[in-house]
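Novice: coords please:
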Amino acid sequence: MTARREHHDRDEDGLILVLSLIFLTVAGVVVAALFTFTGSSFGTAAALGETRARDFDAESALNADIATIRASSTQGYPGTCSSYTPSWTLNDPSRPLRVDCAVQGYKPYERHVVLSVCPESVSAPCPDASAVLKADVTFYDARGTVAVTTWSHK
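Specialist: Numbers count the residues shown, from 1 in each chain. Okay, the predicted model is just below:
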């Protein structure tokens with residue numbers, strides 16, 4: 001007696017459903033990952049904008065003080081280098097800044113100062129640990145020029 005084999009037809013009707021579910025799951029995971037990346041990028045951009053605004057405020061205050069000292073015939077000499085507080089509105093009015101001046105040397109027609117930008121809440125003179133921006137500046141009065149030797153952000 002010979003055994004008879006039964007032959008079952010295997011169709012692929014259910015396979016398309018499985019492939020569709022796999023595709024939708026993978027697409028969902030990819031979209032979720034992209035949303036997470038997009039959210040962190042927006043947060044980073046906002047933080048970068050705030051940092052850039054604070055740096056711009058410090059640089060503006062320092063440039064204004066350099067212009068003030070350059071135009072003055074009394075500032076930048078020993079005993080006459082006073083603090084400068086900008087009178088105009090900054091990007092972050094809740095964090096007012098002050099520029100402190102320290103005379104480093106004096107020769108005829110040459111004034112050498114270090115300018116430090118600090119939050120106004122820090123007592124003067126501005127300590128190095130609190131300085132947002134610091135510049136070493138020499139004013140050459142005979143030539144009417146200014147040389148910035150160093151310019152460093154914290």
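
Novice: assign a three-state SS to the nearest residue to residue 74 once chain neighbours are set aside, would you?
Specialist: Nearest residue to residue 74 in three dimensions, chain neighbours excluded: residue 80, at 5.3 Å (Cβ to Cβ, 6 or more residues apart in numbering). (Each C-beta comes from the backbone N, C-alpha and C, glycine too.) Put simply, residue 80 is coil when judged by DSSP: H, G, I helix; E, B strand; the rest coil.

Novice: kindly tell me how buried residue 80 is, as a neighbour count.
Specialist: Neighbours of residue 80 under the rule other Cβ atoms under 10 Å: 14.

Novice: same check on residue 144?
Specialist: 8.

Novice: and what of residue 145?
Specialist: Neighbours of residue 145 using other Cβ under 10 Å come to 10.

Novice: distance of it relative to residue 70?
Specialist: 9 Å (Cβ to Cβ, to the nearest Å).

Novice: can you check residue 138 too?
Specialist: Taking Cβ to Cβ, one finds residue 138 at 11 Å from residue 70.

Novice: tell me, what's touching those two both at once?
Specialist: Residues touching both residue 138 and residue 70 by Cβ atoms under 8 Å, 6 or more residues apart in numbering: residue 146.

Novice: ok, which stretches of the protein are helices?
Specialist: 15-71 (DSSP state H).

Novice: where does it dip in pLDDT?
Specialist: For the chain, applying pLDDT under 70 flags the ranges 1-13, 38-43, 89.

Novice: again, 80 this time
Specialist: Confidence mapping of the chain against pLDDT under 80 gives the ranges 1-14, 35-47, 49, 88-90, 92, 154.

Novice: what about the nearest residue to residue 97 once chain neighbours are set aside, distance to residue 47?
Specialist: Leaving out its chain neighbours, the residue that sits closest to residue 97 by Cβ to Cβ, 6+ apart is residue 61, at 4.8 Å. Residue 61 sits 22 Å away from residue 47, going by Cβ to Cβ.

Novice: of the two, who's got more company?
Specialist: The neighbour comparison of residue 61 against residue 47 (other Cβ under 10 Å) goes to residue 61, with 24 against 10.

Novice: who touches that one in this structure?
Specialist: Taking Cβ under 8 Å, 6+ apart as the test, what residue 61 contacts is 84, 86, 90, 97, 98, 99, 117.
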